[in-house]
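A.B. asks: Take this sequence and fold it.
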Amino acid sequence: MSAAKLKLKKGDTVVVIAGDAKGKQGKIVEVDRAGNRAVVEGVNLVKKHTKPTTKFPQGGIQEVAASIHLSNLMLMDGGKATRVGRKVEEGKVVRIAKKTQTTLK
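C.D. replies: As a prediction, the model looks like this:
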């Protein structure tokens, strides 16, 4: 079974619309298609206890961004949150912003 088409993708600027981080904005760093979750830069930070490794030579407590469900995110277009739709243009399916009807990359 193939994963569903997602309306948000890596690199999109989003705003959190529900939960503890409501109102915060950030850029999507990673998307988990199977779990319908995304990691947003600077949002939903959690403390992670790490042992010394090559990545973290000192170890200790690191703050990392945890994933957040896609239903709690909304795409930003021109400084305002908007819903995302799909439209066929020149034989290709493209994402469009519902508020402004502009094509999203």
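A.B. asks: what sits against the residue nearest to the spatial centre of the chain?
C.D. replies: Among the residues of the chain, I28 comes closest to the average C-alpha position under CA atoms, centre = their mean, at 3.6 Å. Shown in contact with I28 (CB atoms under 8 Å, 6 or more residues apart in numbering): L8, K9, K10, G11, D12, T13, V14, A38, V39, V40, E41, L73. Where you see a C-beta, it was placed from the backbone N, CA and C, and this is true even at glycine.
A.B. asks: so where do the strands sit in the protein?
C.D. replies: For the chain, the strands defined by DSSP state E occupy 13-16, 25-32, 37-40, 45-50, 60-65, 67-69, 73-77, 80-82, 84-89, 92-97, 103-104.
A.B. asks: With mean pLDDT added, can I get these in JSON lines?
C.D. replies: Below are those laid out as JSON lines (pLDDT from 0 to 100):
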{"stretch": "strand 13-16", "mean pLDDT": "96"}
{"stretch": "strand 25-32", "mean pLDDT": "96"}
{"stretch": "strand 37-40", "mean pLDDT": "96"}
{"stretch": "strand 45-50", "mean pLDDT": "93"}
{"stretch": "strand 60-65", "mean pLDDT": "91"}
{"stretch": "strand 67-69", "mean pLDDT": "96"}
{"stretch": "strand 73-77", "mean pLDDT": "94"}
{"stretch": "strand 80-82", "mean pLDDT": "93"}
{"stretch": "strand 84-89", "mean pLDDT": "92"}
{"stretch": "strand 92-97", "mean pLDDT": "92"}
{"stretch": "strand 103-104", "mean pLDDT": "89"}
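A.B. asks: So which of those strands has the densest surroundings on average?
C.D. replies: strand 37-40 (a mean of 22; mean count of other CB atoms under 10 Å).
A.B. asks: Noted, bye for now.
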